[in-house]
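S.K.: Task: produce atomic coordinates for the following.
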Amino acid sequence: MQTGLSDTDPDVVRLQAELLRQTPPARRLEIALSLSAALIDIAYAGIRRRQAGISDVDAGLQFVEIQYGRELAQAVRARMSEPPAA
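M.R.: As a prediction, this is how the structure comes out:
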C-alpha cells in the first residue's frame, strides 16, 4: 500500500486507507475538492508573495502558466485581449 518515504506508521496508513474506503463517494469528492481548493489558494499565495502587488488577473495568468504551461497561458492572454463577442 505505502510507497516512497514516510514517517507514518504502516498500521496508521492501513487504517487511513480503510477509513477512506468506507467513506461514501459524495464525502470523498467533497474532501478532494476541498484539498484541491486549498492547494490552489496556497499556489496563489506563493505567486503573490513572489510578486508583490500583482493584479488578480496577472496572478491567474501566472497560475495557468505554472500549472498548465506557457503555451496555454499565452493563448489565454491572447483570448483575453480580444474584443468581446457581439
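S.K.: which is the next helix or strand following the helix or strand encompassing residue 49?
M.R.: Taking DSSP states H and E as the criterion, residue 49 maps to helix 25-50. Where DSSP H and E defines the elements, the next helix or strand beyond helix 25-50 is helix 56-68.
S.K.: Taking helix 56-68 as reference, get the angle to the next helix or strand after that next one.
M.R.: Moving toward the C-terminus from helix 56-68, the next helix or strand (DSSP H and E) is helix 70-81. With axes from the mean of the first three to the mean of the last three Cα atoms, to 10 degrees defining the directions, helix 70-81 sits at 150 degrees from helix 56-68.
S.K.: residues of helix 70-81 that come out buried?
M.R.: Burial within helix 70-81, assessed by neighbour count using 16 or more other Cβ atoms under 10 Å, is assigned to residue 73. C-beta here means a position set from N, CA and C on the backbone, and glycine is covered the same way.
S.K.: any idea how far residue 41 is from residue 35?
M.R.: Using Cβ to Cβ, to the nearest Å, one obtains 11 Å as the distance from residue 35 to residue 41.
S.K.: where does this structure have low pLDDT?
M.R.: Applying pLDDT under 70 to the predicted model, the residue ranges of the chain that meet it are 1-4.
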